[in-house]
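Student: Compute the structure for the input listed below.
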Amino acid sequence: MGHEVSKTFPIGDKWYNASSINPITKKEMSEQEVRKRVVDGELKPHGSFKTQAKAIKAAKKRSKSFDNKSLKTLPKKYNNTTRKATYSSDR
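Tutor: Numbers count the residues shown, from 1 in each chain. I've put the predicted structure just below:
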């Protein structure tokens, strides 16, 4: 399973974070595609923020929570705490 990649972008006077991994293709979408999907109601953002700095801080915090969870759930042979470990089920 791949690591989630989020995009941070403005809409109006707010900044948003949303996942950029297409749930069907499992490929990363561009910032423009993610923004369009949020505006069209096809994708729910993770949050809205008053500033870009606050949005980025929240995205990093969310990403760290995934890193910690993924390291705990990886098979021991893939768990290397000195660097980020990833595991792909299609190997």
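Student: how about the nearest residue to Y16, chain neighbours excluded?
Tutor: In space, and not counting its chain neighbours, Y16 is closest to P45: 4.2 Å by Cβ to Cβ, 6 or more residues apart in numbering. C-beta: built from backbone N, CA, C; applies to glycine.
Student: what sits against I11?
Tutor: Taking Cβ atoms under 8 Å, 6 or more residues apart in numbering, we find I11 in contact with 35, 38-39.
Student: could I get the residues you listed as a markdown table with neighbour count?
Tutor: Shown next, in a markdown table, are those (neighbours: other Cβ atoms under 10 Å):
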| residue | neighbour count |
| --- | --- |
| R35 | 19 |
| V38 | 19 |
| V39 | 12 |
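Student: Let's see which of these end up in helices.
Tutor: Among the contacts of I11, the members falling in helices (DSSP state H) are 35, 38-39.
Student: circling back to that earlier point, regarding the residue nearest to Y16, what is its secondary structure?
Tutor: coil (DSSP: H, G, I helix; E, B strand; the rest coil).
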